[in-house]
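> Coordinates only, no sequence provided:
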């Protein structure tokens, strides 16, 4: 099977796992349950849970305990988009070619649907405790998920991003990297670290996966910024040029498209080289990382 | 020591524990860390963590593992207020006599500070896993916290509350009770259940505490609605009459103040009677529950 075929198949498997953990749309809370599920079902690459599952396999994991964490991570990623798209935040109307949650369900429901998704992510991850009570790696995975999603991870990066936009003061390259590392790389790091931890990997391997996640995440964000300049809005499912419109400093405004693209390639190749140093078969992971270099969406 | 003196002392102890878990206000995320801590430090009765600690003691618990859960519960309660006060929600400017978070820090920061607090609650609760790795009651406590805070608990109740307000269709008594049970009682139930579970109580005792939490929570909400009619805005730290202003159906609009007050007393006395059926010394808990019947704030 070619990499492209494998990717389609594995993305489908990942998608099915995520959808299996969504709540039923019934009862007094039906509307917000619909809003939660709408946001998750809009789709996307499912990159984070896919990376988690592949890392888990690489380290020899073969149990179902990875599944609630895969779904939980995608829920966290999704809630952050729901809140980020709100009027009081970025005020974005389209994502992945579909109306954003606040446009469909209103601002108040977007706040609550986002809150509900974040909370449900932790409820979902905690299902691992029912599957294997007293299993310390699941407890560690929960701690990693919390840390990387929170104020010292993703939310921390978002806050600095929002503040920088409001202040309209140009960011230094260091500040920009702080935002990339936290806003984008932290969840990808948690994917790789949780995959490793749940499979019983040792601390040095978990540390290596954290570093690899940093590279993948920062490369991913720079490529996002490149696509906002030279991408195809139709293919992306959202309008391009939003960074320029918002007068937003990115790696591209700092270094130019060409230099930024070089950086994406460098970070990605380094990530693949680092993978050589951990045990396990990782051909698909290598290909996945390299495929992100010239992604168009 | 009188009950009032004991209450002051125990509230202070609870407050100290909560504050000890707040993040340091430093680094690139300083502003949002300040906003998070501002919201928690505004104060309040600290009723939920206090109930948790007392239940834990009642069932013979004496370890520090209760502490991260006490702080986590107060953070969840606080984040829900931060989001609830936002312009796109209730648009409230004062709480506990101080400006609300969105007024001080702006709407975008209120969204993110609330998200950060909710996430930090789970990070904080997960510290219990470091204190006692593989301890199954801590895993169960985490599951209870997640469930009662989420879409099948507090957030579920909030959603129905917000929807009812927007639709302006009068609520039936059953719908109103659904909102009370979830929006208000769920977190109080989690306080009592987590206290019991962490102390090693059996399932029938945990179930009893869930029922007691229902009574305390519903009584608490009805008393809130009474105070919104006959309370003293100065003492409450927020304007009264907001339910009438928002044309909001409450237990008081359904049954009148007198009948509502009777219901608060009935529910509270039943809670105290139910406490007789679980093991352990609970004089202070009895007094605390009874003191809430005629609270003025």
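Received the coordinates, thanks. Predicted model, so just to flag it, every value in this text is computed and none were measured. Numbering: from 1, shown residues only, chains lettered A, B, ... in the order given.

> what's the spacing between stretch A:141-154 and its chain's center?
Taking the mean of its C-alpha atoms, stretch A:141-154 sits 12 Å from the chain's own mean (C-alpha atoms, centre = their mean, to the nearest Å).

> And the helices in the stretch 101-250 of chain A?
Secondary structure of the stretch 101-250 of chain A by DSSP state H, counting those that start in this stretch: the helices cover A:101-105, A:107-125, A:127-131, A:136-149, A:154-167, A:173-179, A:186-198, A:203-230, A:233-236, A:242-245.

> what's in contact with the fourth one?
In other words, helix A:136-149. Applying C-beta atoms under 8 Å, 6 or more residues apart in numbering or on different chains, the contact partners of helix A:136-149 are A:65, A:69, A:72-73, A:76, A:118, A:121-122, A:125-126, A:128-129, A:131-132, A:153-155, A:186-187, A:189-190, A:193-194, A:197-198, A:200, B:119, B:122-123, B:126, B:129-130, B:133-134, B:139, B:142. To be clear about C-beta, it is placed using only N, CA and C from the backbone, and glycine gets the same treatment.

> mind listing what's buried in the helix or strand of chain A with the lowest mean pLDDT?
Sorting the helices and strands of chain A by mean pLDDT, DSSP states H and E puts helix A:242-245 at the bottom, at a mean of 75. Neighbour-count burial for helix A:242-245, counted by 16 or more other C-beta atoms under 10 Å in any protein chain shown, picks out residue A:243.

> Show me the contact partners of the next helix or strand after it.
Reading on from helix A:242-245 to the C-terminus, the next helix or strand found by DSSP states H and E is helix A:251-255. Helix A:251-255 is contacted from outside by A:173, A:176, A:180, A:221, A:222, A:225, A:226, A:228, A:229, A:243, A:260, A:263, using C-beta under 8 Å, 6+ apart.

> Same check on stretch A:40-49?
A:11, A:14-15, A:17-19, A:22, A:70-71, A:73-75, A:77-78, A:95-96, A:98, A:117, A:187-188, A:190-191, A:220, A:292.

> related to what we said a few turns ago, for the least confident helix or strand of chain A, packing partners?
Where contact means 3 or more C-beta pairs under 8 Å, 6 or more residues apart in numbering or on different chains; DSSP states H and E, helix A:242-245 is packed against helix A:203-230.

> what about the helix it packs on, near chain B?
No: with C-beta under 8 Å from any C-beta of the partner chain as the measure, helix A:203-230 is seen stopping short of chain B, the closest distance being 14.5 Å.

> thinking again about what came up before, from the chain's centroid, how far away is the least confident helix or strand of chain A?
22 Å.

> same question, stretch A:75-86
When distances are taken as C-alpha atoms, centre = their mean, stretch A:75-86 is centred 11 Å away from the chain's centroid.

> Say whether chain B is contacted by that stretch.
Yes: judged by C-beta under 8 Å from any C-beta, stretch A:75-86 comes into contact with chain B at A:79, A:80, A:83, A:86.

> Excluding residues flanking it in the chain, which one is nearest the second one?
In other words, residue A:80. For residue A:80, ignoring the flanking residues on the chain, the nearest one in space by C-beta to C-beta, 6 or more residues apart in numbering or on different chains is residue A:154 at 6.2 Å.

> now the end-to-end length of stretch A:237-251.
Counting by C-alpha to C-alpha, to the nearest Å, you get 22 Å between the two ends of stretch A:237-251.

> Buried residues in it, which are they?
By 16+ other C-beta under 10 Å, the buried positions in stretch A:237-251 come out as A:237, A:238, A:240, A:243, A:248, A:249, A:250, A:251.

> Tell me who's in contact with the first one.
When contacts are counted by C-beta under 8 Å, 6+ apart, residue A:237 touches A:94, A:95, A:96, A:97, A:98, A:297.

> rerun that using 10 Å as the cut-off
A:42, A:43, A:44, A:94, A:95, A:96, A:97, A:98, A:297 (C-beta atoms under 10 Å, 6 or more residues apart in numbering or on different chains).

> circling back to that earlier point, which among the residues of stretch A:75-86 next to chain B gets closest to chain B?
residue A:83 (5.5 Å; C-beta to the nearest C-beta).

> so which helix or strand takes in that closest one?
helix A:66-84.

> Each with direction, which strands does the helix or strand following that helix pair with?
Sequence-wise, the next helix or strand downstream of helix A:66-84 (DSSP H and E) is strand A:94-95. Strand A:94-95 sits in its sheet next to strand A:98-99 (antiparallel), going by DSSP bridges.

> And the contacts of the strand it pairs with?
A:38, A:39, A:41, A:42, A:43, A:85, A:93, A:104, A:105, A:237, A:238.

> Same list (those) but as a markdown table, adding pLDDT.
Formatted as a markdown table, the contacts of strand A:98-99 follow (pLDDT from 0 to 100):
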| residue | pLDDT |
| --- | --- |
| A:38 | 96 |
| A:39 | 96 |
| A:41 | 95 |
| A:42 | 89 |
| A:43 | 80 |
| A:85 | 95 |
| A:93 | 91 |
| A:104 | 96 |
| A:105 | 95 |
| A:237 | 76 |
| A:238 | 76 |
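
> ok, back up a step: export the helices of the stretch 101-250 of chain A as TSV, with columns for distance to residue B:209.
Compiled in TSV, the helices of the stretch 101-250 of chain A are given as follows (distance: least, C-beta to C-beta, whole Å):
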stretch	distance to residue B:209
helix A:101-105	35
helix A:107-125	20
helix A:127-131	20
helix A:136-149	24
helix A:154-167	33
helix A:173-179	44
helix A:186-198	32
helix A:203-230	38
helix A:233-236	51
helix A:242-245	51
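
> Tell me which of the ones you listed approaches residue A:269 most closely.
In terms of C-beta to C-beta, the element of the helices of the stretch 101-250 of chain A nearest to residue A:269 is helix A:203-230, at 9.0 Å.

> tell me, how many neighbours does residue A:259 end up with?
12 (other C-beta atoms under 10 Å in any protein chain shown).

> should've said residue A:144
Here the number of neighbours of residue A:144 (other C-beta under 10 Å) works out to 23.

> I'd like the distance between it and residue A:170.
Per C-beta to C-beta, to the nearest Å, residue A:144 is found 33 Å from residue A:170.

> Please apply the same query to residue A:214.
Distance of residue A:214 to residue A:170, computed by C-beta to C-beta: 24 Å.
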